[in-house]
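In: Pasted the sequence and its predicted model underneath.
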Amino acid sequence: DGSMRLCIDYRMLNQVTIKNKYPLPRIEDLFDQLKEAKVISKIDLRSGYHQLRIKEEDIPKQHFAHVMGIM
């Protein structure tokens, strides 16, 4: 249409970008992991580990999973 459009050359950025730093899991693998679960909850907080209030007696029950392992 002849109008101006923004154009950015990302080649230099692409050269230093770490590929697959946080790869997405396959959905089939996720379903395999969850098939025996009794309770599933999801919370998305930035630095959320220290933002949740947990009763003293429930601390042993907590479980935080991350793509790099269990926390």
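Out: Structure's in. What do you need? No experiment lies behind these values; they were computed from the predicted model shown.
In: which stretches of this structure have low pLDDT?
Out: Along the chain, segments meeting pLDDT under 70 span 45-50, 64-67, 69-71.
In: show me where it has helices.
Out: Assigned by DSSP state H, the helices in the chain fall at 11-16, 27-34.
In: Convert the C-alpha atoms of the longest one to CSV, please.
Out: Output in CSV follows, covering the C-alpha atoms of helix 27-34 (Å, rounded to 0.1, in the frame of the first residue of the first chain):
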residue,chain,number,x,y,z
ILE,A,27,2.4,-32.3,25.6
GLU,A,28,2.4,-36.1,25.5
ASP,A,29,5.2,-36.1,28.2
LEU,A,30,3.2,-33.7,30.3
PHE,A,31,0.1,-36.0,30.2
ASP,A,32,2.2,-39.0,31.1
GLN,A,33,3.6,-37.1,34.2
LEU,A,34,0.1,-36.0,35.3
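In: hmm, back to that, which one of the helices of the chain is the most hemmed in?
Out: Of all the helices of the chain, helix 27-34 has the most neighbours on average by mean count of other C-beta atoms under 10 Å, namely a mean of 9. (Each C-beta comes from the backbone N, C-alpha and C, glycine too.)
In: now what about it, what contacts it?
Out: Ile40 (C-beta atoms under 8 Å, 6 or more residues apart in numbering).
In: And for Met4, the neighbour number?
Out: 5 (other C-beta atoms under 10 Å).
In: how much space between it and Leu24?
Out: Distance, Met4 to Leu24, by C-beta to C-beta, to the nearest Å: 35 Å.
In: can you check Asp32 too?
Out: 15 Å.
In: Over to Gly2?
Out: Counting by C-beta to C-beta - Gly2 and Leu24 are separated by 39 Å.
In: Then Asp58?
Out: Taking C-beta to C-beta, one finds Asp58 at 31 Å from Leu24.
In: Strands along the protein, start to end?
Out: Along the chain, the segments classed as strands by DSSP state E run 65-66, 69-70.
In: sorry, back to before: could you dump the helices of the chain into JSON lines and include distance to Ile40?
Out: Listed next are these as JSON lines, based on distance: least, C-beta to C-beta, whole Å:
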{"stretch": "helix 11-16", "distance to Ile40": "37"}
{"stretch": "helix 27-34", "distance to Ile40": "6"}
